[in-house]
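*Asks:* Fold the following for me, if possible:
(one chain, ligands or ions: 1)
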Amino acid sequence: MQIQQHVLPDISSGTVRELRSFHYGSFGQSGQGRKVYIQSSLHADEIPGMLVNHYLREMLEQYEKIAAIAAEIVLVPVANPIGLAQDIQGTAFGRFDLATGINFNRGYRHLTPHLLPLLEGKLGADASENVKLIRQQALAVLQEWQPDTATDHQKKILQTLAVDADIVLDLHCDNQAVMHLYTGTPLADDCMPLAAYLRAQAVLVSVLSGDDPFDESCSRHWWELAQHFGTATPVPNACLSITVELRGETEVSHELAQADALAIINFLRHAGYLRGKAPALPQALCQPTPLEGVEPLRAPHAGILVFTREAGDYIEAGEKVADIVDPVSARMTPVLATVSGILFARVARRYATHGMRIAKIAGPVAYRTGNLLSL
Ligand SMILES: [Zn+2]
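*Replies:* Residues are numbered from 1 along each chain as shown. All right, here's what the predicted structure looks like:
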């Protein structure tokens, strides 16, 4: 295992911050070999993934001892040291950059427009040679990125560590939620073994979710380049990039983290990145559904939020999920689902402002457009 330190520019005089990446297996051939990248807590107050990464480190050390790692595997347990230090009078504030208000999981480099002129006339009939060239050029594009802020510098480091990987897992969590995944629509089938091992109850797919989240910035250019250059110069989807939502924010336990780490290890064995036969793939608990089909339920007015259904419940269209109780007027309004599907996430707070998103249901039919992720 090799530790790499990536120093961030000073946010303020007299302070130093750095990202650390832990490299297992056969490393040092960027862009050339098989590579897996797993980071946690990009939203810095989402802690379950940090503990999963802790156990992944232990497990990978064992695999390394018996020379059973058939790839480079990179772990970044604290992907956002800037956000992790943001604490406002006892409340962690790890989702948005305090300096700009920008979500730490938005604003990564959309590589396609930069890659197109570099690749024009350079791709051939050999898909694996094309993959190599595209990865080299993607790294070169990121090298040219001149970030204005420490936070953008952090984004550049993370995207550079991940962009030449075959598999990218970005470990997050929701407020109160069951296990669910986000990935690109062209990657839906490849994502299902991980969904099955992790017992995910929703897999949400989109070709373009908006505002350049991390996982999409590693995968999107592959299908966009394939579409642009056509079938004579094959470009496969060479990066299976997935955002893993490890249930709710307080679901931090040794048992869950060890089980989730083991599920990821089994997935990597199944995919051939770790040696040894993987346990039989369990039956998946869900099928992919479009991100455009997710219904974000909203509070119709301000008031006390009283959920009547749990995360993980299957909701029929027309069923009640919560009541909003105005403690002044005594008005009580039910919040009804308009689509059928798994109620996969709810907010943690119990006072709703007018229009606040309070829960999400994974409906099977696409009906939304525009920016599909919540801010
Ligand atoms: Zn998150």
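*Asks:* so what's whatever residue of the stretch 151-300 of the chain ends up closest to the ion up against?
*Replies:* Closest residue of the stretch 151-300 of the chain to the ion, CB to the ion: His172 (3.3 Å). Where you see a C-beta, it was placed from the backbone N, CA and C, and this is true even at glycine. The neighbours of His172, taking CB atoms under 8 Å, 6 or more residues apart in numbering as the test, are Ser41, Leu42, His43, Glu46, Gly49, Asn105, Thr243, Val244, Glu245, Leu246.
*Asks:* Please report phi then psi for it.
*Replies:* Torsion angles at His172 (phi, psi; degrees, to the nearest 10) stand at phi -120, psi -170.
*Asks:* Can you name the residues bridging to it?
*Replies:* Beta bridges link His172 to Glu245, judged by DSSP bridges.
*Asks:* okay, how far is it across stretch 115-126, tip to tip?
*Replies:* One end of stretch 115-126 to the other measures 18 Å (CA to CA, to the nearest Å).
*Asks:* correction: stretch 167-180
*Replies:* One end of stretch 167-180 sits 17 Å from the other (CA to CA).
*Asks:* Do me a favour and average the pLDDT over that stretch.
*Replies:* Throughout stretch 167-180, pLDDT has a mean value of 98.
*Asks:* same check, this time on stretch 151-158
*Replies:* Averaging pLDDT along stretch 151-158 gives 98.
*Asks:* any idea where the helices of the stretch 251-375 of the chain begin and end?
*Replies:* With helices called from DSSP state H, counting those that start in this stretch, the stretch 251-375 of the chain shows them at 254-270.
*Asks:* correct me, but Gly272 touches Ala68?
*Replies:* No: contact status for Gly272 versus Ala68: not in contact, 11.5 Å apart, counting by CB atoms under 8 Å.
*Asks:* Write out the residues of this protein neighbouring the ion.
*Replies:* Residues of the chain that fall close to the ion, judged by CB under 5 Å from the ion: His43, Glu46, His172.
*Asks:* Please convert the contacts of His172 to JSON lines, extending it with pLDDT and neighbour count.
*Replies:* Below are these laid out as JSON lines (pLDDT from 0 to 100; neighbours: other CB atoms under 10 Å):
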{"residue": "Ser41", "pLDDT": "98", "neighbour count": "27"}
{"residue": "Leu42", "pLDDT": "98", "neighbour count": "27"}
{"residue": "His43", "pLDDT": "98", "neighbour count": "24"}
{"residue": "Glu46", "pLDDT": "98", "neighbour count": "26"}
{"residue": "Gly49", "pLDDT": "98", "neighbour count": "28"}
{"residue": "Asn105", "pLDDT": "98", "neighbour count": "25"}
{"residue": "Thr243", "pLDDT": "98", "neighbour count": "22"}
{"residue": "Val244", "pLDDT": "98", "neighbour count": "28"}
{"residue": "Glu245", "pLDDT": "98", "neighbour count": "25"}
{"residue": "Leu246", "pLDDT": "98", "neighbour count": "26"}
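*Asks:* Output the below-cut-off pLDDT ranges for the stretch 251-375 of the chain.
*Replies:* Judged by pLDDT under 70, the stretch 251-375 of the chain has its weakly predicted residues at 375.
*Asks:* domain assignment for this protein?
*Replies:* Following automatic domain parsing, the chain resolves into domains at 2-286, 291-362.
*Asks:* What's the end-to-end length of the longest one?
*Replies:* Pointing back at domain 2-286 there. 38 Å.
*Asks:* repeat for stretch 227-237
*Replies:* 11 Å.
*Asks:* in that stretch, what's buried?
*Replies:* Within stretch 227-237, the residues scored as buried using 16 or more other CB atoms under 10 Å are Phe229, Thr233, Pro234, Val235.
*Asks:* same thing with stretch 187-207?
*Replies:* The neighbour-count check on stretch 187-207 (16+ other CB under 10 Å) flags 187-188, 191-198, 200-206 as buried.
*Asks:* now stretch 284-294
*Replies:* Residues Ala284, Leu285, Cys286, Pro288, Thr289, Pro290, Leu291, Glu292, Gly293, Val294 are the ones in stretch 284-294 that count as buried (16+ other CB under 10 Å).
*Asks:* Including distance to Met179, could the residues of the chain next to the ion go into CSV?
*Replies:* Output for those, formatted as CSV (distance: CB to CB, whole Å):
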residue, distance to Met179
His43, 17
Glu46, 14
His172, 11
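*Asks:* List just the nearest of the buried residues of stretch 284-294 to Asp152.
*Replies:* Asp152 has its nearest neighbour among the buried residues of stretch 284-294 in Leu291, at 25.6 Å by CB to CB.
*Asks:* Could you find the closest non-adjacent residue to that closest one?
*Replies:* Ser206 (3.7 Å; CB to CB, 6 or more residues apart in numbering).
*Asks:* which one of the contacts of His172 is nearest Val339?
*Replies:* Relative to Val339, and with distances defined as CB to CB, the nearest of these is Glu245, at 19.2 Å.
*Asks:* residues contacting the closest one?
*Replies:* His172, Cys173, Asp174, Ala177, Met179, His180, Leu181, Tyr182, Ala345.
*Asks:* pretty sure Ala322 contacts Arg309?
*Replies:* Yes: counting by CB under 8 Å, Arg309 is a contact partner of Ala322 at 7.4 Å.
*Asks:* quick one: which of these two has more around it?
*Replies:* A direct count of neighbours by other CB atoms under 10 Å for Ala322 and Arg309 places Ala322 higher, at 24 against 18.
*Asks:* In three-state terms, label the most centrally placed residue in the chain for me.
*Replies:* The residue lying closest to the centre of the chain (CA atoms, centre = their mean) is Thr243, at 2.1 Å. At Thr243 the chain is in strand, as set by DSSP: H, G, I helix; E, B strand; the rest coil.
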